[in-house]
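In: here's a sequence, model it:
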Amino acid sequence: MILSAEEPSIQEESALKLEHVPAETAAASNREDAQDTFLQGVRDCLPTLLGYLSIGFAAGVVEKTAGLSVAEIAMISIILYAGSAQFIAAGMIAAGSTATSIVLTILLVNLRHLLLSAALSPYFRHLTPLRNMLIGGLLTDETFGVAIQRSTSSKAISEKWMHGLNLTAYLNWLLANVAGAFFGQWIANPEQWGLDFALPAMFIGLLVLTIQSRNKIVTDILVGAAAVVIAVGVSVLWSPSMGVIAAAIAASMIGVLIERWK
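Out: Sure thing, here's the model as predicted:
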C-alpha cells in the first residue's frame, strides 16, 4: 500500500506518541513540585490564621492580665509556643504557683504532641534527626490537622512545604500574642466577641474536609463517637489532658480494628 505524503506512517505516529508522553509526565511532575514548595505551605496555612489570631490575641490579653510584660509574653510565645499551655501558665503565674508545678503541668498538657509527631514521622524518616527536630519543634494541633488532611490526597509530604506551613503559623502566633499584650487593655473579655470559638470552628472545618476526602464516613463516625466518650470519661475521672491522650490512642486502635474486620 502506498501512503500519500500528507499521511504519517505508523513509525512516525509512534514517534509522535513517544515524544508526547514525556511531556505529559514532566507536566505532572511540575505540578507535584509546585504543590511541595515552601510558598505552597504558606498558602495552605492561611485558612488557619484566623484561629491563631483570635486565640493568640486572647492569650496575650490573659498573659498581660497575669502581670507579664510585652517582652515576657513574646518570649513565652517563642519558646513555649502552645496555646493551651500558655493559658495555663498565665493562670498559674497569676496564682503564684511554683516553677516546678508549672513545668510539670505544661509537660502533661503537651504530651499529646508525641502522638502528633509519631503520626507524621513516616513521611520524614529519610531526614536526619536534626531536620526532623526542626519540623517537630514547630508542630501544633493546627499544622498537624492541615498536614494530615494533605496526606489523604498525597503520598508524600515535602520538607519545604512543612516548613512553610509551620513557620507561617509560628510567626502569626507570635504576632497575635504581642498584639493581645498591646491592645488587650481595651478588650477585657475576649469571649464576648466570640474569639474563644474561632479555634474549635477551625478544627471542625479541618475534620469535615478530612472525612470528605477519606470517603469512609461510617468508620469515621464510629471512631469519632468512641473518642468523644473516652475523652469525656477520662477527663471526668482524671484530667482533660489525659483524656485527649487516651481518646487519641484508643480511637486509633478502634479504627485499625474496624478496618481489619471489613
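
In: okay, CA-based contacts and neighbour counts for the rest of this
Out: Will do.

In: in the chain, what helix or strand scores lowest on average pLDDT?
Out: helix 10-35 (a mean of 47; mean pLDDT, DSSP states H and E).

In: check which helices and strands whichever helix or strand comes after that one sits against.
Out: Downstream of helix 10-35, the next assigned helix or strand under DSSP states H and E is helix 38-45. The contact analysis (3 or more C-alpha pairs under 8 Å, 6 or more residues apart in numbering; DSSP states H and E) places helix 38-45 against helix 141-151, helix 159-183.

In: worst average pLDDT in those?
Out: Looking at the helices and strands packed on helix 38-45, the lowest mean pLDDT belongs to helix 141-151 (a mean of 88).

In: could you say what helices and strands it packs with?
Out: Using 3+ C-alpha pairs under 8 Å, 6+ apart: helix 141-151 touches helix 38-45, helix 112-120, helix 159-183, helix 198-214.

In: residue 130: which of those is closest?
Out: Closest approach to residue 130 among those is made by helix 159-183 (12.5 Å; C-alpha to C-alpha).

In: what strand or helix carries residue 81?
Out: Per DSSP H and E, there is no helix or strand for residue 81.

In: quick one, what contacts it?
Out: Residues near residue 81 by C-alpha atoms under 8 Å, 6 or more residues apart in numbering: 138, 170, 173.

In: re earlier: adding mean neighbour count and distance to residue 43, write the helices and strands packed on helix 38-45 out as JSON lines.
Out: Below are the helices and strands packed on helix 38-45 laid out as JSON lines (neighbours: other C-alpha atoms under 10 Å; distance: least, C-alpha to C-alpha, whole Å):
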{"stretch": "helix 141-151", "mean neighbour count": "19", "distance to residue 43": "11"}
{"stretch": "helix 159-183", "mean neighbour count": "22", "distance to residue 43": "8"}
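
In: those helices: which one's closest to residue 247?
Out: Of the helices and strands packed on helix 38-45, the one closest to residue 247 (C-alpha to C-alpha) turns out to be helix 141-151, at 15.0 Å.

In: before I go, just wanted to say thanks for your time.
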